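>>> Could you look at this predicted model? Sequence included:
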Amino acid sequence: MQYTASLSNISWVDPATDVLQAYYRNMSGFYTTDFPNESAYFFNFQLEDAPGSLALAQKATKVKVSEYDEEVEIVFQSTKVMNSSQDHPMHLHGYNFYVIGQGTGDYDFEYYPKDFNLVDPPYLNTVSVPKFRWVAIRFKANNSGVWLWHCHLDHHYSLGMNVVIIVKNGNTLETSMREPPPYMPHCDDSSRIRLWRNYDTKALESEI
């Protein structure tokens, strides 16, 4: 068994070529655009003895695509599966968002939206999803590009608790992705990190 972390039962897998380059260059085969709008199945997320099989996730490179200026709402729901739940600091690159609601237990799609704070919600780019709670956020997709949603806990990030959101170009140059600068360095598969010891001139090298 291999441990994973996931969003909507999808555990992110890094592709051989980064999504930004693949999207910009219209390269196929590196990701799919079928990230689900909701979890594959619903259950009592706070169930103390929930079977570990509920934690099974599909390992894939699925992205979410949004139209320019589309209004996006996301609800993060924590669970007690395998008694592994903890606070998740969820961070979005390229955007700030409004935290319009939060509460304990399982999210109720009919009841809880009635109490959303649409007057003066907090405006953040990182929100903590506490244990055994849910958090709802909204933002307008008005920054075209390829953006990463991820848990800021390193081990959760490395286990796949992240997803890429692609926001399509708008109708003008100002609302479209910029071209890469001419001085943009090329990625090198044999890149190295050099760690210099501060007490002599000898270098230590490690492959990444």
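Now that the structure is in, tell me what you want to look at.
>>> For the rest of this, base every contact and every neighbour count on C-alpha atoms.
OK.
>>> So in terms of bridging, what pairs with the spatially most central residue of the chain?
Central residue of the chain (Cα atoms, centre = their mean): Trp149, 2.4 Å from the mean position. Listed by DSSP bridges, the beta-bridge partners for Trp149 are Leu92, Val163.
>>> Okay, now the unreliable bits of the chain?
Within the chain, the segments meeting pLDDT under 70 span 1-3, 47, 49-55, 82-85, 187-208.
>>> can you map out the helices along it?
Remark: helices assigned in the chain by DSSP state H are 19-24, 154-158.
>>> Go through the ones you listed and name the closest to Ala40.
Nearest of the helices of the chain to Ala40, taken as Cα to Cα: helix 154-158 at 20.1 Å.
>>> And the residue nearest to the centre of the chain, how far from Leu124?
From Trp149 across to Leu124, the span is 13 Å (Cα to Cα, to the nearest Å).
>>> do the same with Asp106
Asp106 is 23 Å from Leu124, by Cα to Cα.
>>> residues contacting the nearest residue to Asn96 once chain neighbours are set aside?
Spatial nearest neighbour of Asn96, excluding adjacent residues (Cα to Cα, 6 or more residues apart in numbering): Asn125 at 4.4 Å. Asn125 sits next to 91-93, 95-97 when contact means Cα atoms under 8 Å, 6 or more residues apart in numbering.
>>> Just the closest of those residues to Ala22, please.
Proximity of the contacts of Asn125 to Ala22 (Cα to Cα) peaks at His93, which lies at 18.1 Å.
>>> And for the residue nearest to Met161 when sequence neighbours are not counted, the neighbour number?
If the residues on either side of it in the chain are set aside, Met161 comes closest to Ser6, at 4.4 Å by Cα to Cα, 6+ apart. The number of residues packed near Ser6 is 22, by other Cα atoms under 10 Å.
>>> Lys140 is in contact with Gly94, correct?
No - applying Cα atoms under 8 Å, one finds Gly94 not in contact with Lys140, separated by 11.5 Å.
>>> Kindly provide the distance from the residue nearest to Tyr123 when sequence neighbours are not counted to Val129.
Once flanking residues are discounted, Tyr123 sits nearest to Tyr98: 4.6 Å by Cα to Cα, 6+ apart. Going from Tyr98 to Val129 by Cα to Cα gives 14 Å.
>>> closest to Phe42 out of the helices of the chain?
Closest approach to Phe42 among the helices of the chain (Cα to Cα): helix 154-158, 21.7 Å.
>>> List the buried residues for that closest one?
156-158 (16 or more other Cα atoms under 10 Å).
>>> Keeping just the C-alphas, turn it into PDB.
Provided in PDB are the C-alpha atoms of helix 154-158 (Å, rounded to 0.1, in the frame of the first residue of the first chain):
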ATOM      1  CA  ASP A 154       5.400  19.800   2.500                       C
ATOM      2  CA  HIS A 155       4.500  16.100   3.100                       C
ATOM      3  CA  HIS A 156       0.900  16.600   1.900                       C
ATOM      4  CA  TYR A 157       2.100  18.500  -1.100                       C
ATOM      5  CA  SER A 158       4.500  15.700  -2.000                       C
END
